[in-house]
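[1] Just to be clear, the model below is a prediction. Sequence and coordinates:
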Amino acid sequence: MSKHLFILYIGLYTAVVRPTITYGSSIWAIGETGNGPPQSLLKPLQKVQTACLRSITGGYKRTATALLEKEANIPPLQLYIEATAMQRTQKERNSNVTKYIKTRLNQLWRDPRAPRRRTSQQPQSREDILAKQVEKAEEEWRQVRAQAYIEEERRRASVQQGQQQERERGQSRTRKSTGKPSTATQHWLDQRWRGTWEAKVQKLTQAKGARAVAWLTPWGATTQGL
């Protein structure tokens with residue numbers, strides 16, 4: 001398959017198929033207990049994504065789903081759904097409607113006329129759970145950006161000590177096109193996906209040794225075209 005067709009098919013999947021199978025997922029993304037959607041709901045959707053990626057990449061029937069996702073640069077569906085819910089929470093948490101609903105719920109919980117409850121502690125809503133995840137992701141993102149700023153300042157200092165400016169501008173353009181995450185949620189998704197991948201590779205290596213080159217390829221390396 002040519003690179004042009006590969007990009008076209010990936011675009012069709014991300015623009016048409018995935019939004020369809022995950023419609024409304026920002027509502028049920030974390031499930032009833034905050035531990036994610038039940039497998040009975042997630043498994044059929046994951047099968048659809050795996051079948052699409054297998055057709056796009058030309059993978060064999062026995063090719064692991066994790067390899068197909070990495071080859072196509074499509075994150076696992078559960079992580080994508082959770083990241084989508086976090087984006088929605090990040091966008092709506094400061095809206096007037098969200099603030100009013102939260103205030104009203106607190107008033108109803110403290111209403112002395114309400115019937116006696118089994119617990120005196122107010123349960124967390126799904127929005128509260130997602131908001132905490134967003135805050136944690138934003139804190140991680142701030143630390144990453146601060147570290148990147150320090151490294152950039154060091155790089156500029158080294159340029160001033162004698163590097164050629166034209167060469168430095170070319171390197172800067174290259175860095176801007178590497179596809180690094182640009183938001184806290186995207187950084188959260190990339191880090192969780194990488195952690196899941198590396199844990200799977202480590203488990204396979206310890207169990208029986210990862211023989212396939214794809215399992216041994218570093219996370220940041222592009223496997224397309226090999």
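    Arrived safely, thanks for sending.

[2] Just give the closest residue to the most centrally placed residue in the chain, not the sequence neighbours.
    For the chain, the residue nearest the mean C-alpha position is Leu189 (2.2 Å; C-alpha atoms, centre = their mean). If the residues on either side of it in the chain are set aside, Leu189 comes closest to Ala83, at 4.3 Å by C-beta to C-beta, 6 or more residues apart in numbering. Placement of C-beta: from N, CA and C, glycine included.

[3] what sits against that neighbour?
    Contacts were defined as C-beta atoms under 8 Å, 6 or more residues apart in numbering; by that measure Ala83 touches 75, 185-186, 188-189.

[4] Downstream of the worst-scoring helix or strand of the chain on mean pLDDT, the next helix or strand is which one?
    Counting by mean pLDDT, DSSP states H and E, the chain has its least confident helix or strand at helix 165-176, which shows a mean of 49. Sequence-wise, the next helix or strand downstream of helix 165-176 (DSSP states H and E) is helix 184-207.

[5] Return the set of buried residues in the following helix or strand past that following helix.
    Next in sequence after helix 184-207, counting helices and strands by DSSP H and E, comes helix 213-216. For helix 213-216, a neighbour-count test (16 or more other C-beta atoms under 10 Å) marks 214-215 as buried.

[6] quick check, distance from helix 213-216 to the centre of its chain.
    22 Å (C-alpha atoms, centre = their mean, to the nearest Å).

[7] now for it, which elements pack on it?
    helix 65-72, helix 184-207 (3 or more C-beta pairs under 8 Å, 6 or more residues apart in numbering; DSSP states H and E).

[8] Mind checking these for the one nearest to Ile56?
    Closest of those to Ile56 is helix 65-72, at 6.0 Å (criterion: C-beta to C-beta).

[9] between the closest one and helix 184-207, how many degrees?
    Here helix 65-72 points in a direction 130 degrees away from that of helix 184-207 (axes from the mean of the first three to the mean of the last three C-alpha atoms, to 10 degrees).
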